[in-house]
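>>> here's my sequence, what's the structure:
(2 chains)
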Amino acid sequence: MTPEISQALATFIGAATTVLLMWAASMWGPHSRRQRGKRDEEKENDDGDS
Amino acid sequence: MTGGDLSKVEFLGRPIKPLAFAIMLSVATVFWFNIVLNGDILVDTFWGDIVGVAAGASCVLLFAGWWARSQRLAEYGLVLASGTWMARLFTVIFLQGWGFYGVYLSIAWTLACVGAYLLETFDGGRAMTAQRKAAES
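Presented below is the predicted three-dimensional model:
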């Protein structure tokens, strides 16, 4: 494999890592819709208790 | 306050993130030696330059995130640093093989970047709560 192709492939792998991490954060991180829904649900429960 | 902050320690009124600061220096090194000095951290091609510019952007985002107290900017900086170090890791694996010490240094930096990103991002919403409270007060 030539250095040029090696570098291009490595750049692609680095870009894929970045996208994968951002996707994981959007799925399971605190900014995700799932977590936001859970937080809203907890807040509603808290409001209901008080 | 996030998982990456030193507890109750501030500098210029801003939280100290030791891991993020080390990562900022590491990507600044990649940018400086690859783009400014045209060195051999990466292969001197268009694709190598893209990684070098991403390293520079990551450094700027990390500093801006710290200075502007922006959690989002810091997270973007760390995720870009993760991609930069992953690209550097595979560059040395492809070109030098597993016997080269640079492979293991790159593995360490990649793990540090991904770990710092996870610490900042998956903190149970503490950073968002802190930012909301700061905005409300």
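
>>> which residue packs closest to the closest residue to chain B within chain A, ignoring adjacent ones?
At 2.8 Å from chain B, residue A:14 is the closest residue in chain A, using CB to the nearest CB. Just so you know, the C-beta spots here come from the backbone N, C-alpha and C atoms, and that holds for glycine as well. Spatial nearest neighbour of residue A:14, excluding adjacent residues (CB to CB, 6 or more residues apart in numbering or on different chains): residue B:87 at 2.8 Å.

>>> kindly report the same for residue A:6.
Leaving out its chain neighbours, the residue that sits closest to residue A:6 by CB to CB, 6+ apart is residue B:94, at 3.7 Å.

>>> residues in contact with that neighbour?
A:1, A:6, A:9-10 (CB atoms under 8 Å, 6 or more residues apart in numbering or on different chains).

>>> mind redoing it with 10 Å?
Residue B:94 sits next to A:1-3, A:5-7, A:9-10, A:13, B:43 when contact means CB atoms under 10 Å, 6 or more residues apart in numbering or on different chains.

>>> my read is it is in a helix, agree?
Yes - Residue B:94: assigned to a helix according to DSSP: H, G, I helix; E, B strand; the rest coil.

>>> number of residues surrounding the closest residue to residue B:52 other than its chain neighbours?
Spatial nearest neighbour of residue B:52, excluding adjacent residues (CB to CB, 6+ apart): residue B:34 at 3.8 Å. Neighbour count of residue B:34, defined by other CB atoms under 10 Å in any protein chain shown: 24.

>>> next up, the contacts around residue B:34.
Residues in contact with residue B:34, defined by CB under 10 Å, 6+ apart, are B:40-44, B:48-49, B:51-53, B:55-56, B:84, B:88.

>>> give me the element the residue in chain B that chain A sits nearest to is part of.
Per CB to the nearest CB, residue B:87 is where chain B lies closest to chain A, at 2.8 Å. Per DSSP states H and E: residue B:87 is located in helix B:71-96.
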